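Chemist: Sequence below, structure please.
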Amino acid sequence: MRGGILRLNAIFLLLLIILASILVLAQPKEGGRIPYFTLTAVGRDGKNCTLSSTSLTGRTVLIAFYAYWCPHCNKELPELAAAWNQCSKGGDVAILVGLGGNSTRDYDLFKKYALDGWYFVSENYTFAKLFGIEYIPAVIIADGNGVVRQVNVGEAGRGKYCIGINLAHSKSTQNNTVPIPCEQNKSKPPLIPLELAVALVIIALITIAALIRIRGKF
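Modeler: Here you go, the predicted model:
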């Protein structure tokens, strides 16, 4: 009986290690690929849009994490806007993720600088965790093949953002300029991220094993 319990504990430990590895691997690095995601965003025109890593294939994608109360974020958003005006091309997409805890104020800051191709995502901490975000502002730029070309944390400035956008353009082997379909007040719920699904499976297995162990004592 004791040997069986030890084996179960070893299996659970291995599963937890695998889960931790998945979380680490999901964090994008320059030269790595952005993780799979699907989320609901609001376009510059106020319409709801479903964005995913798959539907954004062929587009240079800039993902910025910020908060309305963050002074560095307030300084960087106009820099992002200037870089976007100078260096972006048709079909490029910028996803701005507000993490300020007040979606209205985050959205107001977004609207202040929003340009064509910009989309707002409110308080999606799961999405931020998927990208391994610990500090803001954080900006990730990926090419049309889904490869991360630049990662910036803190203040970077329009010049560096332009370098990242231009690099993404030069490395893309596809060019998707088809408008993203958006509808007013209609959106699809986001899919469960891979690491969350794995975590739920592990929790279920641990619960089942605990019930078996309790039953074995009687």
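
Chemist: and the gap between the residue positioned nearest the centre of the chain and residue 47?
Modeler: The residue lying closest to the centre of the chain (Cα atoms, centre = their mean) is residue 127, at 4.2 Å. Residue 127 sits 20 Å away from residue 47, going by Cβ to Cβ, to the nearest Å. C-beta coordinates here come from the backbone N, C-alpha and C atoms, glycine included.

Chemist: Where does residue 208 sit: helix, strand or coil?
Modeler: helix (DSSP: H, G, I helix; E, B strand; the rest coil).

Chemist: which intervals of the protein have sub-threshold pLDDT?
Modeler: Residues of the chain meeting the criterion pLDDT under 70: 1-28, 183-201, 213-218.

Chemist: Which of the three states applies to residue 144?
Modeler: Strictly by three-state DSSP, residue 144 counts as coil.

Chemist: go on, residue 150?
Modeler: Applying three-state DSSP: residue 150 is strand.

Chemist: Around it, how many other residues sit close by?
Modeler: 20 (other Cβ atoms under 10 Å).

Chemist: now the strands: where do they sit in this structure?
Modeler: Along the chain, the segments classed as strands by DSSP state E run 38-43, 48-52, 61-66, 93-98, 118-122, 138-142, 148-153, 182-183.

Chemist: so which of the ones you listed gets nearest residue 204?
Modeler: Nearest to residue 204 among the strands of the chain is strand 38-43; the distance by Cβ to Cβ comes to 23.0 Å.

Chemist: now for the closest one, which elements pack on it?
Modeler: Helices and strands touching strand 38-43, as assessed by 3 or more Cβ pairs under 8 Å, 6 or more residues apart in numbering; DSSP states H and E, comprise strand 48-52, strand 118-122.

Chemist: returning to what we had before: distance to residue 81 added to the strands of the chain, as a markdown table?
Modeler: What follows is the strands of the chain, written out as a markdown table (distance: least, Cβ to Cβ, whole Å):
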| stretch | distance to residue 81 |
| --- | --- |
| strand 38-43 | 16 |
| strand 48-52 | 20 |
| strand 61-66 | 11 |
| strand 93-98 | 9 |
| strand 118-122 | 9 |
| strand 138-142 | 12 |
| strand 148-153 | 15 |
| strand 182-183 | 21 |
